[in-house]
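*Asks:* What follows is a predicted protein model with its sequence.
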Amino acid sequence: QVQLVESGGGLVQAGGSLRLSCAGSGRTLSRAHMGWFRQAPGKEREFVAAISWSGGIAYYADSVKGRFTVSRDNAKNTVYLQMNSLKPEDTAVYYCAADWTYITPGTRDSEYTDWGQGTQVTVSS
């Protein structure tokens with residue numbers, strides 16, 4: 001069983017940047033595709049970004065493409081989400097998740113089996 005812990009959230013003004021981290025413990029993440037999802041108040045959880053276990057494939061939601069970058073450091077058992085040009089509509093709780101079984105990184109939360117507790121990102125206008 002892997003434990004995932006997100007960090008790096010906070011309050012930032014529109015146009016600012018944040019870098020989220022997702023640290024794994026209890027199991028190496030080097031064979032897991034990793035995803036980032038977010039959930040805003042009153043809305044369903046939505047896909048943000050995903051990265052393959054090797055880091056060679058990355059997918060992004062259209063709403064964040066060109067602004068967010070997902071990366072990983074398998075030696076540190078950590079995945080990152082660099083968020084630039086933040087907008088108020090990016091405000092949400094951000095979650096990282098691990099997928100151990102699919103061939104390519106997924107965009108559906110049902111494909112991920114292990115989840116972190118989330119970190120709050122608030123973007124003020």
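*Replies:* Perfect, thanks for sending it.

*Asks:* which ones are touching the residue nearest the centre of the chain?
*Replies:* In the chain, the residue lying closest to the centroid (Cα atoms, centre = their mean) is Trp36, at 2.4 Å. Counting by Cβ atoms under 8 Å, 6 or more residues apart in numbering, Trp36 touches 20, 22, 47-50, 70, 79, 81, 94-97. All C-beta spots, glycine's among them, are computed from the backbone N, C-alpha and C.

*Asks:* And it, how far from Leu81?
*Replies:* 5 Å (Cβ to Cβ, to the nearest Å).

*Asks:* Check Thr28 too.
*Replies:* Distance of Thr28 to Leu81, computed by Cβ to Cβ: 20 Å.

*Asks:* These two: which is more packed in?
*Replies:* Leu81 (26 against 12; other Cβ atoms under 10 Å).

*Asks:* what's the nearest residue to the more buried one if we skip its chain neighbours?
*Replies:* Leaving out its chain neighbours, the residue that sits closest to Leu81 by Cβ to Cβ, 6 or more residues apart in numbering is Leu20, at 4.3 Å.

*Asks:* what's the average pLDDT for stretch 38-48?
*Replies:* Averaged over stretch 38-48, pLDDT sits at 97.

*Asks:* And that stretch, what's buried?
*Replies:* Arg38, Arg45, Phe47, Val48 (16 or more other Cβ atoms under 10 Å).

*Asks:* which residues are in contact with it?
*Replies:* Residues from elsewhere that reach stretch 38-48, judged by Cβ under 8 Å, 6+ apart: 35-37, 60-61, 64, 68, 81, 89-95, 107-109, 118, 121.

*Asks:* same thing with stretch 99-115?
*Replies:* 1-2, 4, 31-35, 37, 45, 47, 50-52, 57-59, 61, 95-98.

*Asks:* Can you give the distance of that stretch from its chain's centre?
*Replies:* 12 Å (Cα atoms, centre = their mean, to the nearest Å).

*Asks:* Which positions within that stretch qualify as buried?
*Replies:* Asp99, Pro105, Gly106, Thr107, Asp109, Glu111, Tyr112, Asp114, Trp115.

*Asks:* ok, the last one to Ala97 distance?
*Replies:* Distance of Trp115 to Ala97, computed by Cβ to Cβ: 5 Å.

*Asks:* That's all I had, so thanks and see you.
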